[in-house]
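[1] I'd like to go over a predicted model; first the sequence, then the structure.
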Amino acid sequence: MDNFIVGIVVFPGSNCDRDVSWALEGCLDIRTKYLWHESSDLSEVDAIVLPGGFSYGDYLRCGAIARFSPLINALDEFVKSGKRVLGICNGFQILTESGFLPGALTANKNLNFICDDVELDIVSSKGGWFNNGDEKQTIKLPIAHGEGRYHCDSDTLKKLVDDELIALRYKNNPNGSSFDIAGITNEKGNVLGLMPHPERACDETIGGTDGLFTLKSLIVK
Amino acid sequence: MDQFAVKVFVRLRPSVLDPAGEATKSASIKLGAEGIKSLRIGKMIEVKIEGNGENEVREKIDLLCDRLFANTVIEDYEYSLEKL
């Protein structure tokens, strides 16, 4: 996959863009390219990561302003073509705000900014983002967020369950998310949004490698 | 062109937990205020806007509220409008 390039979107206030690049380039030997949020040319990249951070200072709501950037406008076509998009933390918030994924993310139930490792159950293998094989149904990834409480109405939740769109659930719900939801996919499976940070779990020396599979699966066709 | 002053109120929907409101309610009780049954925090956005008449301005504000000011998955909005 020498020619495969993952675009990493950089908004003013993104702060995990370099982590994602390090994980992809350094740990997985996957080429990356930073995409400034004002660009709408996605022709050079084969998959996209919306990284964590505080795009536009989280003004108004997390992800609310980023949604109106030229890049996010161009993302619609990219997603419809079946290419893969991974939204991590603030990226997940942007994907819900812009309607690529249902529901919304709001303030943690206990109001704390939670920075911790969490145990997660892999619920669905839709889109092939997680290793849902025989051995490992649970993974450990770091979270770092103040607004990660997933919320949706009961009809949406039913649809998420029925259509197997829930990718990850917290074993010990840290933030009050509905149905312990930590990550979901779109119906096609080519868009994944999750609050945990797989890019921070790609090397044993920094606490684990459970994030590698998800990043590697950016290149699943 | 007419100019209008608009006040938009954005609130979490009643079904959505408001932890900041709960924390403020708890502090209010510690302050000694009695009888508080519920306390919820929202946002108020003030806009000055020009348009050809109230109807046109309402259309613009509706769009802004629906697409930007509020996330209607978790929030409701209402607004008042005053001609300047």
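    Noted; the coordinates are in hand.
[2] now do the residue in chain B that chain A sits nearest to: how many residues are near it, please.
    Nearest residue of chain B to chain A: residue B:73, at 4.1 Å (C-beta to the nearest C-beta). No exception for glycine: its C-beta is placed from N, CA and C like everyone else's. By other C-beta atoms under 10 Å in any protein chain shown, the residues close to residue B:73 number 19.
[3] how about it: what's its closest non-neighbour residue?
    Nearest non-adjacent residue to residue B:73, counting by C-beta to C-beta, 6 or more residues apart in numbering or on different chains: residue A:104, 4.1 Å away.
[4] next: residue A:127.
    Nearest to residue A:127 is residue A:189, by C-beta to C-beta, 6+ apart, at 3.0 Å.
[5] what sits against residue 4?
    Reading this off chain A. The contact partners of residue A:4, taken as C-beta atoms under 8 Å, 6 or more residues apart in numbering or on different chains, are A:30, A:31, A:46, A:47, A:219.
[6] the chain in question should be chain B.
    Neighbours of residue B:4 in contact, by C-beta under 8 Å, 6+ apart: B:48, B:49, B:50, B:51, B:54, B:57, B:81, B:82, B:83, B:84.
[7] can you tell me which residues contact the residue nearest to residue B:73?
    Contacts of residue A:104 by C-beta under 8 Å, 6+ apart are A:96, A:97, A:150, A:151, A:152, B:71, B:73, B:74.
[8] 6 Å - rerun?
    Taking C-beta atoms under 6 Å, 6 or more residues apart in numbering or on different chains, we find residue A:104 in contact with A:96, A:151, B:71, B:73, B:74.
[9] the fourth one and residue B:66, how far apart?
    The gap separating residue B:73 from residue B:66 is 12 Å, by C-beta to C-beta, to the nearest Å.
[10] over to residue A:210?
    39 Å.
[11] neighbour-wise, which of these two wins?
    residue A:210 (22 against 12).
[12] circling back: among the contacts of residue B:4, who's most crowded?
    That'd be residue B:57 among the contacts of residue B:4, by other C-beta under 10 Å, with 21 neighbours.
[13] the residue nearest to residue A:127: which element?
    Of the helices and strands defined by DSSP states H and E, none includes residue A:189.
[14] with residue A:41 instead?
    Of the helices and strands defined by DSSP H and E, none includes residue A:41.
[15] which residues of chain B fall in helices?
    B:19-31, B:53-64 (DSSP state H).
[16] mind listing the residues bridging to the one residue in chain A that gets nearest to chain B?
    Closest residue of chain A to chain B, C-beta to the nearest C-beta: residue A:104 (4.1 Å). Counting by DSSP bridges, residue A:104 is bridged to residue A:151.
[17] quick revisit: from the contacts of residue A:4, which is closest to residue A:88?
    Nearest to residue A:88 among these, counting by C-beta to C-beta, is residue A:47 at 13.1 Å.
[18] ok, that closest one - contacts?
    When contacts are counted by C-beta under 6 Å, 6+ apart, residue A:47 touches A:6, A:83, A:84, A:218.
[19] just list whatever residues bridge to it.
    Going by DSSP bridges, residue A:47 forms beta bridges with residue A:6, residue A:84.
[20] in the top helix by length along chain A, what's buried?
    Taking DSSP H as the criterion, chain A has its longest helix at helix A:70-80. For helix A:70-80, the neighbour count (16 or more other C-beta atoms under 10 Å in any protein chain shown) marks A:71, A:72, A:74, A:75, A:78, A:79 as buried.
[21] next: stretch A:31-47.
    Buried residues in stretch A:31-47 (16+ other C-beta under 10 Å): A:31, A:32, A:35, A:37, A:39, A:42, A:45, A:46, A:47.
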